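K.L.:
coordinates for the following, if possible.
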Amino acid sequence: MSSAPMQLDAAEQALLDSLRAGDEAAYETLVRDFGGPMLAVTRRMLGNEDDARDALQDAFLSAFKAIDRFQGGSKLSTWLHRIAVNASLMKLRTKRRRSERSIEAMLPQYDESGHRVRDNDTWPTDGAIALQRQETRQQVRDAIDELPESYRTVLLLRDIEELNTKETADMLDVSESVVKTRLHRARLALRNLLAETFGTQAE
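P.N.:
Now for the predicted structure:
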């Protein structure tokens, strides 16, 4: 059963009505109010300022063209977030990425007895907190960027942009099972890469 359209608040509805009426001031308001959060999305997805700003411009153009088709099934900010994500994905598809390492080389390694190779310490219990510290953010970003594109994209969509499995599958035009498999392997690989970076070994 499909859910009923979400009721927009008065401010969003007024903005939407003005946009549909072609009010130039409304377009300026949209860019001013939502440009910052959308740029943050494209930066996270692309990791390059020029590419992020290009994707943001593409996202706004897409939003302006599609504004008449917006049915209010979500908040305006949520709709724009999806458009920014999609613009980032389109940008990624047009870029020639460097040669990639296999995901297998990034996963934890085991010997014939089933024990982890180089199994020293375990991942610290406060690892999630540690990853939020300013001094580790660039290292985390660098580790994410090492992942093969198909795994990196799933990780970004699910864990960073917080799309659900179905939304991610629809955006990437793959099955939900593929999303789940790639996400599991991407998390394992990222955890292992970070463990190496921080001098510990992933569980």
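K.L.:
from now on I want contacts and neighbour counts done on CA atoms only, so please keep to that.
P.N.:
OK.
K.L.:
just the helices in this structure please.
P.N.:
10-20, 24-46, 49-66, 76-94, 127-130, 134-146, 149-155, 165-172, 176-197 (DSSP state H).
K.L.:
and the ones you listed: which comes nearest A105?
P.N.:
helix 176-197 (8.5 Å; C-alpha to C-alpha).
K.L.:
for the closest one, which positions count as buried?
P.N.:
176, 179-180, 182-183, 185-195 (16 or more other C-alpha atoms under 10 Å).
K.L.:
R101: which of the helices of the chain is closest?
P.N.:
Nearest of the helices of the chain (C-alpha to C-alpha): helix 134-146, 7.7 Å.
K.L.:
mind giving me the packing neighbours of the closest one?
P.N.:
helix 176-197 (3 or more C-alpha pairs under 8 Å, 6 or more residues apart in numbering; DSSP states H and E).
K.L.:
and the helix it packs on, how far from the chain's centre?
P.N.:
Relative to its chain's centre, helix 176-197 lies at 14 Å (C-alpha atoms, centre = their mean, to the nearest Å).
K.L.:
alpha carbons only: can I get it in PDB?
P.N.:
Extracted C-alpha coordinates of helix 176-197, given in PDB (Å, rounded to 0.1, in the frame of the first residue of the first chain):
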ATOM      1  CA  GLU A 176      18.900  -5.100  -3.200                       C
ATOM      2  CA  SER A 177      21.000  -8.200  -2.600                       C
ATOM      3  CA  VAL A 178      23.800  -6.700  -4.600                       C
ATOM      4  CA  VAL A 179      23.600  -3.600  -2.400                       C
ATOM      5  CA  LYS A 180      23.700  -5.700   0.700                       C
ATOM      6  CA  THR A 181      26.700  -7.800  -0.500                       C
ATOM      7  CA  ARG A 182      28.700  -4.800  -1.600                       C
ATOM      8  CA  LEU A 183      28.000  -2.900   1.600                       C
ATOM      9  CA  HIS A 184      29.100  -5.800   3.800                       C
ATOM     10  CA  ARG A 185      32.300  -6.200   1.900                       C
ATOM     11  CA  ALA A 186      32.900  -2.400   1.700                       C
ATOM     12  CA  ARG A 187      32.500  -2.100   5.500                       C
ATOM     13  CA  LEU A 188      34.900  -5.000   6.100                       C
ATOM     14  CA  ALA A 189      37.500  -3.500   3.700                       C
ATOM     15  CA  LEU A 190      37.200  -0.100   5.200                       C
ATOM     16  CA  ARG A 191      37.500  -1.400   8.700                       C
ATOM     17  CA  ASN A 192      40.600  -3.300   7.700                       C
ATOM     18  CA  LEU A 193      42.100  -0.300   6.000                       C
ATOM     19  CA  LEU A 194      41.500   1.900   9.000                       C
ATOM     20  CA  ALA A 195      42.800  -0.700  11.300                       C
ATOM     21  CA  GLU A 196      46.100  -0.700   9.300                       C
ATOM     22  CA  THR A 197      46.100   3.100   9.400                       C
END
